[in-house]
Structures are given as structure tokens and as C-alpha cells.
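Novice: 3D model of this:
(4 chains)
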Amino acid sequence: MNAWEPKIIAFLCNWCSYGAADLAGVSRLQYPVNIRIIRVPCSGRINPKFILGALRHGADGVWVSGCHPGDCHYIEGNYYARRKFALLKSLLEHTGIEPGRLHFSWISSAEASKFAETAREVVEAVRAVGPARHFIKTKPTWDDIEAPVQAACQVEVG
Amino acid sequence: MNSSGSGNPMVGSVLVVGGGIAGMQSALDLAEMGYYVYLVEKEPSIGGVMAQLDKTFPTNDCAM
Amino acid sequence: MHAYTEKIREAAQRLLTEKKVDAVIGFRHGTVPMMSEPVCVRHADQVHQLVWNGFCGINLANYLAKRKDRVAVTAKGCDSRNIVIHLQENQIRRDQVYILGAPCHGMVDRRKVWEFLKGREPLQVMENGSSLKVSGKGFEEVLERQAFLQDNCRICTHRNPVIYDELLGDPVPEQTDVDRYEDVRRVEAMDSEGRWRYFNDLIASCIRCYACRNACPLCYCPTCFVDESRPQWVGKTLDPTDTRTFHLLRAFHVAGRCTDCGSCERACPMSIPVRQFTKKLEKDVKELYGYEAGVVVEGRPPLDTYRPDDPQDFIK
Amino acid sequence: MSEVEEVSGQPGDFRVKVRRKARYIDLEKCTGCGECARVCPVSLKNDYDMGLSERRAAYRRYAQAVPGAFAIEKRGTSPCKATCPAHISVQGYVALAAQGRWREALELIKKDNPLPAICGRVCHHPCESACMRGKVDEPVAIDFIKRYIADLDLKAETRFVPEIKQKRDEKIAVIGSGPAGLTCAYYLAVEGYRVTVFEKLPVLGGMLTVGIPSYRLPRDIIEAEIQVIRDLGVEFKTGVEIGKDFTIGQLREQGYKAFFIGIGAHECKKLGIEGEDLQGVYPGVQYLREVNLGNRIFLGDRVAVVGGGNVAMDCVRTALRTGSKKPFIVYRRSLAEMPANEEEIEECREEGIEILTLTNPVRVIGENGRVKAIECVKMELGEPDASGRRRPVAVKGSNFVIEVDAVIAAIGQETDWACLTPECACSLSDWRTLKVDPVTLQSDDPDIFAGGDAVTGPATVIEAIAAGKEAAVSIHRYVRGEDLRRGREKRWEAVQNVPTEGYDRIPRERMPRLRPEERLGNFNEVQLGFTEEQVRREAQRCLDCGVCSECYRCVEACLAGAVVHDDADQVQELHVGAVILAPGFQPFDPSVYDTYGYMRLANVMTAMEFERLLSASGPTMGHVVRPSDHKEPKKIAWLQCVGSRDIHHCDHAYCSAVCCMYAIKEAVIAKEHAGRDLETTIFFMDMRTHGKDFENYYNRAQEEHGVRFIRSRVHSLEEVPGSGGDVEVHYVTEDGQVVSEVFDMVILSVGLQTPDEAKKLAERLQVKLNDDFFADHSSFDPVASSRPGVFVCGAFQGPKDIPQSVMEASAAAAAAGSLLGAARGTLVKEKEIPAQRNVYGEPPRIGVFVCHCGINISGVVDVRAVAEYAKTLPYVEYVTDNLYTCSQDTQEVMKKVIREHNLNRIVVAACTPRTHEPLFQETMADAGLNKYLFEMANIRNQDSWVHGMDPAMATEKAKDLVRMTVAKVALLEPLPEPELSVIRRALVVGGGVSGMTAALSLAAQGYPVDLVESGPELGGQALKLNSTWRGEDIQGYVKELSRRVSEHPQIRVHLNARLTQVEGFVGNFKSVIQNGGDPITVEHGIAVIATGGREYKPDEYLYGQDPRVLTHLELDEKLRADDPAIRQARSVVFIQCVGSREPQRPYCSRVCCTHTIHSALEIKRRNPDADVYVLYRDIRTYGERERIYQEARRAGVLFIRYSLEDKPVVAATDGALTVTVTDHILRRPVRLPADVVTLATAILPNADEALAQLFKVPLNEESFFVEAHAKLRPVDFATDGVFLCGLAHYPKPLDESIAQAQAAAARAATILARDRIRFPGTVARTNPFLCSACGTCVAICPYSAPRFNERGVAEINPALCKGCGLCVASCRSGAIQLQGFDDAQIFSMIDSL
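Specialist: I've put the predicted structure just below:
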């Protein structure tokens, strides 16, 4: 496989940041391919387990994005989430997860250019930190060398 | 303005002219109240002037 | 410290005879020196078992969650704060618990004494005033009590109970010149690689026995996240990632609720300083939201509330 | 795209005529992909961005527009296309030429004209005379542009040859290879017929070759165009004369199915004068044919060419080139009437050729059989003849003789009909032209068609081409036996209202020509053709008359086939019960103020334009830069009241109510965009922030954001020369100095006015407008217009902000609902869905549908590879890929596939679920599957569209997204949609005007109401008010209202009653009312809270210590009682903002300014010479209330402004009451004697902690109830089923309370109207065994959905849960799962990556 490409899992809130991603698409704003988006109803839905789960599965970076405080479709979801993220990021980085891996942002559904810009920023930040070294339980099958092998045996098993 | 008084039967539909914030809101309310609504808008899409706004006071959340 | 023992017995006697409470939870001498063990006295005649000494480190609030009966409980500063949290988190009603407040002088860490004795086995440990008389086969040592306190007690700023029905003694002066986060700052000073190794070594000896979880009054969930099976996202093995996942999430779940009572470290068979996880969060909660766990009954734990202008400079 | 034309009938039964304008795009088919806009060559100012950016003729207003389909703006057929006989899309190819898209331009031309190179040289270009550019300066040089396009194709290595549609074996004969014949052959060949062209002459081209000299039309050009026709398989036979060598009958036997006669008119008309047959007299066409066939005959020096058309021009200039020194023109009419092209006449002059006008030959004088001279006569112009040209009349006795060597007659041609042998039944007209059907060009013989000069008499090349094309269409239909005439009667009218002002003059490009001297003695082409730059510049001059140029590029680009260019307006007749008008407003156009230089200064813009600059979807993507030099502004000023509160420039006396607030908002948001160092200043007269939370917003803007507020109305703006566009603002400070300050930009806060179309609409619908052009209405029925059954709301009813507009919209809905209560639900159709298949226990059988979305996905992602890959994924049973998965027919296919393959999970890999999930879920429901067994993979918006530069990786990503989605869908469970019955009764708390109005409105809609009033009587605060600011009597109104409420059969009134207990939730409340007697329990579906407010009793300004110091209500009471103290008062002082806008009560009570001025006018009316003073901080008579502020000033009321720091002092010194205040103009304290002091005190809410607790609804710090959303749900609470209106929400005048009460009734009716409420399935559910009863979920849920049940563990009420998942993430015990997004599903997505 040629050079390593950062693998980033993004949790986007359906009403604002996912909408911004869609609008970035409609406006054809290009940003790197390294991001896989998982849609959740609200940033309040993002449980610390998911972020730990993503890191454990070998993601090089995790990006969580929701509505600007005050914009939340469910009125207060992002306010509570903000405190969770603050404490979780502090704890993870305190225990050795490199600061460039975990990213949080508020992006409204009209800010397509901010979405594309932030996407580039996150990918570059994770690229700068390098491939995931710590806290990995399982390797992602994402365009990895073994992926074809695993897929092959998958087929045999049927 | 009692409704059942006049002779001819009442028609259970309403015409809303204008697809701005006011038009949309009354159309939505009427539809949920059980009336058939015709919404007439001169532009190719609804949204009116509010769709042109970036943020709106007093909450500063996005108009879109 | 002995004065409390009389007071406790007298109060227990009174409360039991007047049927104010169905039981009194306190300490009695343990079977091993320096390890007082919790006891639940239901009849006036067993009141004599109750004692109070420098080895009552266990957090009795742990025995209050989900009780249906009315109990009296002796409570140090940290215990009382945990009772406040139980009230906030609907684990017990205020009218169900009669709190005997015990202004605390700090509890002795038995491991430090063992370490000092370098293998010699202490048969009897007597406390008087600020010194400890440790005697065993062929030896007798007098130790300066203050030097052998548990780490959390050494830097404790809430020695007096924050909530009580009756005080077992007049309040002790609070320690004000202590730096609670000196160790956290030392770890913060390391680079992230160093911190990773530091915590790796810290939990390397963890055997996943969950003693820390069981000793903590805050962990009253019927099924802990480590036992979740659908999906079983964190493994039960000693794999370092699974172990670290357990410690990270346990610390996160007590964020803004932990009163730093030290029960977890006290219970850990491998004497792992697990408080390094929780104290970092306690420092963050203090700095970010100016909140201390269990001090005000009306307050809500920090993660159960918000302020529109919470700090968010880490968010793009 | 529609407009109401007419409304007739009466309330409850209206007939409405609605004109649906043509959208030219089929709404059903368009998927909003935007390809049409990308290829559209026409760009124009985008009014969505207030003209700051450009958009295409095919456009969508903005990316998130709903409906998302595109539209094409087409005013009609542009004049050039309508005038052109062949109706070529002229504007189309000119627009394409402007962008250098030559190949597409050529293909467009060849759709209607196969000989562009020829036409580019010889066409008489009627399009140019019709060109609207002619009205601005000169017409666009269309013909020369066409020539350039055609010439490019001639020089290209591979010529454009259209592909043949479908090989056919019928043979068609074309007689005559002139422009008509060639064209007919070309189009028949494209259709696939085997065409043979028979040409009498040895050369092809007819008049083109033998008529027109080669210096105008070089032979190689004609040959090149014919070559294309040969490449299409057409066979040419020259030297074959039909009628002599073959007859049409013989051709019929040879199998020719149809004939086209295009033999032109090659016979010259005779001069019809004596001596015409002398030697040296040549018919014009013969002469040209001889010369063009190569025989350069020399006619001698002096040649007289008789005639004024193009043939005459050709003859005289050909004679010049064959050596004649002095050829000249003899023409009987004047220069203006000469039919020849101007540039031909011009070129003639350049070549020194003399043109004798108003001269006509009468006799040719000959000498021994050879012409020697001609006798001519002078002419003058008489009456116009049939052709409209004035008839030339000979002047008696003006004969004169001119020596000549030869005479050429070029006065018209005729056709030689030798080809018509007897077996043809065709007949000739009396001008010896063939008689054919004008539309189908079919002659009397069904298989013979004809066109060109042979039919019309001598005409132009383009007309012949047009005829050839039409004939081809007829022949094509004739051979296939179809009706010839259907759909061909199109009348081409040119579009009328084409704006021609505002364009600056650009001269027309000059065609480079050979110098006159280079032209002598040779036939080289005179016109050398435009250069590319010339063509592009010339093409830019086009005014895009039809807007859409009908270049049909969008038709090719749209794979969904959604473009319908012949779409037409339709007028529909609707039968409705009520009409609601909400046409909104248009911002005021400040160009009327020349002192603000709005049109002159680049950096002076309106607030709407600045709003677009701020928007992320705006012209600069939210990056604030100033128009003149794109510099980031450091200092911006806002000027308030532009187009409002001004009776000089724009007669808008009213205040537009919103500009102060939006100016502050723009200042604050601009700072957010541009960074802290941006300096923002607002110039204002009164800062009118009178809405809920508006005052806080104003204070925060001042204190936190540092917005500067200067109280001064700016007179004029000037540009600082050489500063790149800085604007200098001159203004007067409060202490009278004139100051000038320089800003980077100045924003004009423009007011609101009724749109012009709305004024016309109101006229058409007989709805009265007041003199501010807003809908006339009474304060007591604010949303009813002057015409019964027609209701109004929004800015059309009066200038207002969004929250007020939304309230009025719901109020209008209520008013319409009350009118049509009996007919509710009659026209609403309930869609019946097939029974749902139970999939429990079945292993997942997943169907994956991967979409191409035209080329939007497949253009980047290898869709087939993704589909193949999907087959390898676990539990996947069926995979396919579709061009458009969302199209109607694919939905039917999906339903069939679901049933056939017994699928129980569906994955669609296409666009975004935000827009298309409901559509696919409906399809699944129709196929009997639970709609929640569905998930979408977004491989368009979040993959192909954003990773265009890396297709390989984009395809890998698509595979990952599909794998993720399949992993999740396998774990999805069918979710029930819980239904709850609704108790169709209402409870209204509060018997003031708001409560009563809500109760009446609900009762009128048929819902019984329980009205709970804590006091002894109905009426509330209104009982203490005299009249509205418009002077309407409130006392009478309130009594009448109370009577109607107490007597209404459906309303049960409970006086002196309080609510003690409320249980249940939306649709199922059970409440206990306590009114002294035994408690009454009532069941109701909704509750309206209208607990109202009360007047603040102040403790300052000697209130309570001196009887002469009153509050407003006390003054009203005295006015009602006509208290002598008031009538004899010599001096009355009003003090504003008592208790309002102060630190401990930071809100504006909104009504006091209006009430003060209304009372002041009342006092002035009662005794005119009383002195009335108003001490104010800001006069906030917003909206149309501004008029009474003007009235007050005219009536002599004195207004003195004080500031919060220097409040007025009321003192009672030995019995006399005095008020001391610092006058803001004199800047010195003034002591006012006062017989009466009235304090405009604040309005406090009847805060009711208990009630708030009962319904679990929040109060803000000032104890006003907090609505769900300040703007979009102003009368709802976050907790469903509870609504809010009146003073309890925020202080407001009576008419706004009434509107809000009706709104609350409408919102409540949206729930009561249904007997069952269905809730989405994606709600949270607790597992009682895991719940540790810690109460976190109960504490944090904004909708109070989780509650402790009787077993002491948390339980979530599906009716209230909105599915946000906050509790799920906060639950440490993992006891709550969000259905549709539960932990297992999300982990499966993570682990599948």
C-alpha cells in the first residue's frame, strides 16, 4: 500500500453539521476523502463510549460536530454535550492520546465552506500526528492491505 | 362569525397567497387543522425574504 | 478520635431504643490491625461493637444506596458529601438517614505503615493524639501519624461533614494550605508519549477485579458498562486497551461526582493509584465549572446541567 | 411560480382563478442536480443575492430551496427568433458565441438552418432589424456572428455532420438544388430517407451559385455546405431537367414516395417598355448566371441597371468588376425604400457607383439594333401601395436621356414551370407561383410539396431555407401517414417588456472589408469576417430579451429529461372556503435619496445586501468585503430610518418596526465574521427594541460587543476621493456640533413596504389598503381584511418582525378555521397503507439499491463496482443500480422487488436522507414493510460531489459507506408508531381578552372549552383601558366579548377558580379546578395559558405619596369619569420607562409610549391650551403607531429626553408639584409645574410558579413564560399540548394580544383536529431492570418525557419524546436505548469500517 492515509470517523448531528456536509456537496466544495460520516440525531446523542469505541477500532482521528449553542433543534442537546466533550477530551489527552486526534466543532447547516475548511483542518491535523499508535483493539478493514484478504475469506465463509 | 349559519355548504379548503414565513406557517397550521391548503407563491421556491437572511434576532440562530 | 466512639455508642443506643432508626451503620474493630470493618447494628445491646479510630477509611455511603429502611450512619467529611450526592441522585431520601457527623482528622494508610515496617508484622496498633504506637513480635515503633495518612486525607479540604443531624465532636480546622493537584500537574507537565507510558505502567498490574468499582458509593448501577453484552464493546480480558477503556470510562462516570474519598485506592488489591484518573477530572470540573461534588444539596452534578456561556475554546 | 388572478363568491365558498406560470422544468422529474444550470450560457443578476452575484437562466434560488427543482426564467420568444423565418434560436447561439462555445452554437443553428455559412454572408437578417439592442444603440451584428461560427466549422478538420436518426428505405425526390431544395434534402437525409436532388443547371446551389456573385458568396463556401449534405448520403444529379428528361410521373414509378419542388424564380421580369428586346438589354438574373458560370462578358463602360433590390446591387457591382467604368443604378423610388441590405448599398457607394433615385426608364433608344441610350422620367412618391411602400408617380415632362452602353433589368423574377407536366394536379396562382397550403406546403398533389421563390415569388434565402425545413417535416409526416397539420400552427410573437434602460452604449463591431480599390477587377470576397474578439465583444451586447435563449443545452444535459421548453402558463380554478393573504414586503429602494448616493457610491449598500454579504450562501460565502476594492472593512456605519419615518422623500410616515433590531444584529454578526477589531456604529433617532429579549439584545450589543450608538439622523454621504471608496458621514451631535467621520462602508437600514404586485393583488381582490398601503384592519380583529372571508397576516398587514408575523399567520389560520369549522376534514384524504408484514424472527434479507443520480454519482464513483461489492456483504440478498432511484417508476420497481425477494431491510446508496428518507420510507410502507427498516448511504452529497478529484478513493469510500449502512440496517428493528387518542376539549387559564379570544376561537371551531378565571369577572386588564391607539372603544368591546363568552354553549366559565392539579400530557390532560366549592376535574386535550399581567406600582417619583401622581390605568379611569382634576389641569407631565429598561427589570413594556401619546392627545383634545410634557428615554411608537407621535408633536406636546443616569425629580414644595429634568437640547435643568404627573409604569406578568410547575413550563428571570422558540413557535411551549398568549408571554398592546390568542387557538386546534396523534417510532425507551433511578434523564430532558413510574424507575412517554438521544448518552447505566440509533447499531457502523 502506498503512503498511509489518515482514517477519521466523524459523528455529525443531523440538523446542522450533517446539513452543512450536504450543502458542501451541493456547492461542490472539495475536501479530503479520509472522513467517514456517521449521522446521529443530535450532538447530545454522542456517548463517550462511541468516541472510545472509534479509537479502539483504530481510527486515526475522531471528529464530532453539532449545532452552534442556541441553534440546537432539540433546544439544549449541544449544551450538555459540550461539557461531556470538554471533560472527555481533557481526560483522553491527559492519559496520552495525542492532542491532534480528537476534534470538536459547531457548524450550522448553512456553513458549507466552514464544513469543508474544518474537514481539511482535521485531516491535516491527524496527518501531522501520524497513524494511530495507542489504544487500538481491532484494525479497521478500511482500504487496508489485509482488507482484500479478509473480504476473500468472508466470501468463502459465505 | 358563526360558521354553520350561512346557507350553502362550506368548502373545507383554504387558499394561502405567499410562501414566506407567514404563508408557510398558516398553511402548516391549516393543514394540521384538517383543511386542504393551496399555497400560491410567485417565486420558484418558498421561503420568502427570511430565506435570504443569514441570522435572525433576537436569538441569532440561522434563518435557514 | 476515641471520644467519638463513646458518642457514637450513646447516639446509637438512643436512636435504636427510640425507634428513630431501624439500624446504625458504623465501624468495629477489624480482624486485622489497621482495618476497621463496617457493621450494621440493629439492636441496642450490640451497640458496644461500634468504635471510631484512624482506620475507618471505608466510605459508608456505599451501603446507603437503594435502602428501604431508616438508618443512622457515621459520616466523615467525604462520606457526608457522598450522602449529599445520593440525595441528589435519588438513591435515598433525606428522612431515611440520620447522619452522625464525624469531623475527621484523616485516616491512616495501612500500606504506608506496612512499608515502613519492612516485613515485620504489626499485631497491635494504638493511636493516641498525633502518634501511632505499632507493636508486634519483638518490636515497638512510635510513628508520627500525620506522615502515614492516606494520600487523599493528606490533601483533604472537607474534613468536616457538610451535612449532619448530629455532630460527634466540634469541627476541626480545614486544611487550606494544601495543593490538591500537585501530582496531576506533574503528569500534565509530561509530553503525551510520556503520559501514555505513565498510565500504561500505572494500570499494567490491574487484574480487572473491579474492587475499586465496588468500593465506590457512586457506582450503584445494576449492570455496569463492562458487563454489557449487546454489544459487548469492551472486552473482559486483561488486554491493556480493554483495561484502559474500563479505567477511562469509570473515571468519566464519576466525573463531577467523585468526592476523592480514596475508597477505590484503599480497596485496590494491587494498590494502583487509580485516583490519578479521577483527580484530573476533579481538577477540570473545578476549573471549568467551579463545581465541587456533593457540597450543596440543591446543586446538580455538572454533567446534568449547563450554562449557556460554558467554556468552549477547544471547539472549532 | 403562480399568481392569484381573481377571487369571486362569498365567505365559505370562493372561486379562485390562479395562473400557474410556466416553469419549463417538470417538477416531478427534476432531481435538483444542477447540470442544466452548469451548461446554461445566459447569466443575469441574482435577485436572491440582491443583485450582488450572478445566476443562470436555468436556476434555483438557493441550494436548500424547497422544492429543490430548478426553474427556467423565460419571458417569451426573443424578437430575433420570432422574426427569423426559420425561427433559429438566435439568442441561443449568440449567447453560446459569447462564451466561445462554437461547436454547440453551430449544432444549435443547424437544427433549423443547414446553410449557416451561406446565410452568414447573404441573409437579409430581419432578426437584426427586430433586435431590441437597436433601441439602446445599434442592433447586434447577428449575421456576422453566425458567419464566424459557420466558418470555424468549415476550417475544422472534422466537419459537423449530424447522425442519421434511423435508416429508412423510402426514396424522396427534390427538384432544384437552391437553398430550399438543399435544406429539404438535408433534413430528410437526417431523418434517414434516401434523397435524390435533381438540378437543371450544371452547377448546384441554384440562385446561391448563379444569382449571387462570388465576391458576396464564394463558390467554395457553397461547395463546403453541400459537401455535408453529400456526407449525409444525398445523391445529386445535375443537368437533369424534370419535365423534360424525366417527368414526375416516371419518378413516381421509380419508387419516389414524395417530391419537393424548389426550383426558384430564375426568369427575369420584363421592363415592359419600348426597345426592351434591343441587343445590349440583359435580364438581370441571366447576366449574373453568365458571369457566375465563368463567362466574364464586358458590357461597356456605361451600364444602366434598373431596379433597387439585391439582384440590382449584384448586377451593378458585377458590371464594375467585369470592367465597366461607370455602371449606375436607376431606381423609381427613393433610397429609403430600396429593398437591398444597407451594407450592400454602402459598399456600392464605396465602390463609386452612382444611384439615380426617383428615376424610371420609359424607352430604350437603340441604334442599328443595339442600345445607345435610355429615356427616363423623374418620379415622385404618391400614396402607399398594397405592400405599404409609397407608389412612385411620374412627373410630367421631366423626361431626359442618358447615354448608355448596356441596360440590365433587375426588377423581379418569375418561375419557369416547365417541370409541371400534365399528370400533376398543382395549380398556379395569378403571379405564376405554385399554390400550396401555407402551413404544410402541400400542393394539390398530395405527394408534391413546394417552397422557396417558386411558391412565394422572389424572396430571401432564409425564407427558402425555412420553407425547405417545413416541407421536410410535412414529407416526413406524409410518408408515415401522420396528420400534417397537428401542432404546427404556432404563432411566434416576440416578447414585449424587454427593459432597455440602464445599459451603457457600446458601438456595434464594424465588419472588416477589402479596401474599395482592392475590389476592382476581381471577385474576391469583400467582407472578410469578424475576428474572435470581435465576435465575443459583439455577442456580449445581446440584451438576452427572452432571458432563456432556448439554446437547448439544458435539454441535452438533463438525463432525467425534465426540461419542457414548450411549457405554457395554465390558469386553474380552485374552489376554496377562505383566502389568506401573506404576500410579505419588499425592502425600500433608497435610490430616491440622492444625498445618500446609494446608486453612486459603491460602498453604500442596503441592509438586505449586507445581509447577503454576511450569509454563508451569499456572494462572498460570508466573508465580509466591501464592493469597491474587496478590502475587509474596519469601520461600518448603519443609518436608521431610511425609507421610514420620513414624509418628504418617500411618504412613508410609518416606522418599519424591525430596522433597529436588524441593524444591531448585523453589527454583532459582522463583528463575529470580521473579528473583534471591527468598529460598528449605528446612527438612530429612537432605538426601538421593544420585543421580547430585544432590550437585552440591545444592552449586550452595547456592553459586550462594543457597538457604538449615536443619536443623530445623518443628512448626507460623500466619497473620500482617492480612498478606494471610503464614505464620509456628516452628522450633528447632541450638543449641536457638526461632525464628519470616515467609514469603510455605510449600510442603509431600509424600511418595509408593500410590494407593488401585492398592491395590484389587493385591488383585484377588493381588499382595502390603508394610506400606508398595508391591509386595513380593526384592532379587535387584526387578521380580518376589509373583505369577509379573506384574511391577512405578516408584513402585508403592517410592518412587523418574524415572531409577530408567525403569530399572525397562526391567527389567520384560526380565523379561517372558525369560518370553516363545519367543513373541517372533509377534503383531507387519508392515505390507506397495506398491512405491515411481521418480520420478527426472520434473518435479515437486505436489498441494496445503488444510484447513479444521472452522472452526479456515476460521474465520479464506479457505481457498478460498488454494487458488485455490496453483493459480498453479509445478509445482502438483492443488489441493483438505477439511473434515478428516487424517480416514480423506480419506486414501483422497488415495491415489486421487495415482494418478490421477500426483503425485510432496504439500503439506498444515493443522496442525503435529510431530503429523500421520507420518500423511500413511504415506498416501503406501500410495500408492506415497516418504514424504519431502512437506511441510506450518502454517496452523493458526501462522496461523489465532494471528492471529484479522486474517483478511485471516492469509490472506495462509497464501498465503506455501503458496508457501514448494511451493518447498521441488519440490526434495525421494526418500530411501532405509538398512537394516542385525543380528548377534543380545551382548557383556557385566564379570562382576560386573550383568554376569552382563544376560548371563542376554539369554540367556533367546534371544541368545547373550560375557561378558568381567578378573579370574580371576565375582562382582565382591558376593563381598565379606554380605547386603542386608533381610537376604537375598548370598554364596549370587552363587555360584548365577555357577554359572548358567558353565553356561548360550548364555553364553561369558572370564576374565582384556580387550577390545583394537572396530570397527563398532550391529548390526555386531567386537571382539577378549585373554585371555593367542591373541586371539579376536567379532561382536556390542550391547555392555553393566558394568565395576563398587571401594572407595576412604582415607589419613586412620589407615587403613593401625592394623589396627583398617577399610573396610566389610574389616568384612564379619571378620563373615563371625566374627572375635573384632569379637565382643569393647566400642566400635565408624563414620565416614561418607570420600572422598565432598568437593571433590575431590563425589558421594555412595549405599550407605554403609545399609551402616553394617546392619553396626551386625549388631554389636549379636552383642553387645548394645557401644557403637556412627555419625559422619555426612547419614543417607541413602532409600526403605524408612529403617526400619533407626529400628531402629538403637531398638537404641541413637548418631548424632553432624559437619561437613566439623570432621572427627572418630582417634588411637592408647599403644595405645588414640580418636575425637574435636564433638557437634552438646552443641556440645563428645567423645572416644570405639574397639576398631574402620569408615570408610564412597567407591565409585570401575573407570575404563577405553581401553574408553571403544574404544566412543567419554564419562566424566564422576569417571570414571563418562556415559549418553545422565540420566532418559529412563539405560542407553543416546549412541552407539547400547552400554549401561551397575552401579557403572560410579554407585554403587548390589545391587538397583538388578540392576534396571539387566535394563534394559540390555531396551534391548539392542530392537535384537537385529530382524533389520534401518531408519534414517530424513533423515540427512546428505558429498560426498567437496568435503570438505577439516578434521575439524570428526568433532569436534563427539555421535553420532560422521562418520568419515574410507580416502580420508581424511569419511563419515557413516547408522546413527548422527540428522539434526540440526550438521555441515552447521559445514562451511565446504559438503561435507555434510542430506537433507530441505538448503541449496538452505531457500534456496528464503527466496527464495520
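Novice: and stretch D:151-158, C-alpha only, in CSV?
Specialist: Only the C-alpha atoms of stretch D:151-158 are listed here, as CSV (Å, rounded to 0.1, in the frame of the first residue of the first chain):
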residue,chain,number,x,y,z
ASP,D,151,-16.6,29.5,-40.9
LEU,D,152,-15.0,27.9,-37.9
ASP,D,153,-16.7,24.6,-38.8
LEU,D,154,-15.6,24.9,-42.4
LYS,D,155,-11.9,25.2,-41.3
ALA,D,156,-12.2,22.4,-38.7
GLU,D,157,-10.7,19.0,-39.8
THR,D,158,-13.9,17.1,-39.0
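Novice: Show residues contacting that stretch.
Specialist: When contacts are taken as Cβ atoms under 8 Å, 6 or more residues apart in numbering or on different chains, the neighbours of stretch D:151-158 outside the stretch itself are D:Trp102, D:Arg103, D:Leu106, D:Pro116, D:Ala117, D:Gly120, D:Arg159, D:Phe160, D:Ile221, D:Ala224, D:Gly529. Yep, even glycine has a C-beta here, placed from its N, CA and C like the rest.
Novice: just stretch D:424-434 next, same as before
Specialist: The set of residues external to stretch D:424-434 that reach it, using Cβ under 8 Å, 6+ apart, is D:248, D:261, D:265, D:414-415, D:417, D:420, D:435-436, D:443-445, D:448, D:450, D:454-457.
Novice: Between the two ends of it, how far is it?
Specialist: This stretch, stretch D:424-434, spans 12 Å end to end (Cα to Cα, to the nearest Å).
Novice: State the mean pLDDT of it.
Specialist: Averaging pLDDT along stretch D:424-434 yields 76.
Novice: buried stuff in that stretch?
Specialist: Burial within stretch D:424-434, assessed by neighbour count using 16 or more other Cβ atoms under 10 Å in any protein chain shown, is assigned to D:Cys424, D:Cys426, D:Thr433, D:Leu434.
Novice: Please apply the same query to stretch D:208-220.
Specialist: D:Leu208, D:Thr209, D:Val210, D:Gly211, D:Ile212, D:Pro213, D:Ser214, D:Tyr215, D:Arg216, D:Leu217, D:Pro218.
Novice: still on that earlier bit, now, the contacts of stretch D:424-434 that are in helices?
Specialist: Assignment to helices by DSSP state H places the following of the contacts of stretch D:424-434 there: D:Ile248, D:Ala454, D:Val455, D:Thr456.
Novice: returning to what we had before: which among the contacts of stretch D:151-158 gets closest to D:Glu350?
Specialist: Proximity of the contacts of stretch D:151-158 to D:Glu350 (Cβ to Cβ) peaks at D:Gly529, which lies at 17.7 Å.
Novice: Could you report the distance from that closest one to C:Gly294?
Specialist: Using Cβ to Cβ, to the nearest Å, one obtains 92 Å as the distance from D:Gly529 to C:Gly294.
Novice: more crowded one of the two?
Specialist: More neighbours surround C:Gly294 than the other of D:Gly529 and C:Gly294, with 30 against 16 (other Cβ atoms under 10 Å in any protein chain shown).
Novice: All the helices of the stretch 151-300 of chain C, residue numbers only.
Specialist: For the stretch 151-300 of chain C, the helices identified by DSSP state H, counting those that start in this stretch occupy C:151-154, C:182-189, C:192-204, C:211-215, C:240-253, C:263-267, C:275-289, in order along the chain.
Novice: tell me the pLDDT at D:Leu820?
Specialist: With respect to pLDDT, D:Leu820 has a value of 89.
Novice: A:Ser113 reaches D:Met621, doesn't it?
Specialist: Yes - here A:Ser113 reaches D:Met621: they are 4.7 Å apart, a contact under Cβ atoms under 8 Å.
Novice: ok so, going back, between the helices of the stretch 151-300 of chain C, which gets nearest to chain D?
Specialist: With respect to chain D, and counting by Cβ to the nearest Cβ, the nearest of these is helix C:240-253 at 4.8 Å.
Novice: where does that closest one sit relative to the chain's centre, distance-wise?
Specialist: For helix C:240-253, the gap between its own C-alpha mean and the chain's C-alpha mean amounts to 19 Å (Cα atoms, centre = their mean, to the nearest Å).
Novice: ditto for stretch D:1103-1121
Specialist: In terms of Cα atoms, centre = their mean, the centre of stretch D:1103-1121 is found 55 Å from the chain centre.
Novice: ok, and what's touching it?
Specialist: Against stretch D:1103-1121 from outside (Cβ under 8 Å, 6+ apart): D:1021, D:1024-1026, D:1035, D:1095, D:1097-1098, D:1101-1102, D:1125-1126, D:1152, D:1155-1156, D:1159, D:1162-1163, D:1210, D:1212, D:1217, D:1234-1241.
Novice: Which of the residues you listed fall in strands?
Specialist: D:Glu1095, D:Val1210, D:Ala1212, D:Leu1217, D:Ala1234, D:Val1236, D:Val1237, D:Thr1238, D:Leu1239, D:Ala1240, D:Thr1241 (DSSP state E).
Novice: what residues are up against D:Thr357?
Specialist: Neighbouring residues of D:Thr357 by Cβ under 8 Å, 6+ apart: D:Tyr331, D:Arg333, D:Ser334, D:Leu335, D:Met338.
Novice: Point to the residue nearest the middle of chain C.
Specialist: In chain C, the C-alpha closest to the average C-alpha coordinate belongs to C:Cys261, at a distance of 2.6 Å (Cα atoms, centre = their mean).
Novice: quick one: the strands in chain B?
Specialist: Secondary structure of chain B by DSSP E: the strands cover B:13-17, B:36-40, B:55-56, B:61-62.
Novice: residues near D:Glu703, how many?
Specialist: The number of residues packed around D:Glu703, counting by other Cβ under 10 Å, is 9.
Novice: now it: how far from D:Asn696?
Specialist: Going from D:Glu703 to D:Asn696 by Cβ to Cβ gives 10 Å.
Novice: now the strands of chain B as a markdown table including mean neighbour count and distance to chain A?
Specialist: Supplementary listing: the strands of chain B in a markdown table, determined by neighbours: other Cβ atoms under 10 Å in any protein chain shown; distance: least, Cβ to the nearest Cβ, whole Å:
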| stretch | mean neighbour count | distance to chain A |
| --- | --- | --- |
| strand B:13-17 | 27 | 25 |
| strand B:36-40 | 21 | 23 |
| strand B:55-56 | 23 | 9 |
| strand B:61-62 | 20 | 4 |
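Novice: Compare these and give me the one nearest D:His565.
Specialist: Comparing the strands of chain B by their distance to D:His565 (Cβ to Cβ), the top pick is strand B:36-40, with 24.2 Å.
Novice: what sits up against the closest one?
Specialist: Against strand B:36-40 from outside (Cβ under 8 Å, 6+ apart): B:12-19, B:23-24, B:27, B:30-31, B:46, D:2-4, D:16, D:18, D:574, D:576, D:827-828.
Novice: tell me which residues of stretch A:117-124 are tucked away?
Specialist: Neighbour-count burial for stretch A:117-124, counted by 16+ other Cβ under 10 Å, picks out A:Glu117, A:Thr118, A:Ala119, A:Val122, A:Val123.
Novice: got it, and stretch C:229-244?
Specialist: Taking 16+ other Cβ under 10 Å as the neighbour-count basis, stretch C:229-244 is seen to contain the buried residues C:Pro231, C:Trp233, C:Val234, C:Gly235, C:Pro240, C:Thr241, C:Asp242, C:Thr243, C:Arg244.
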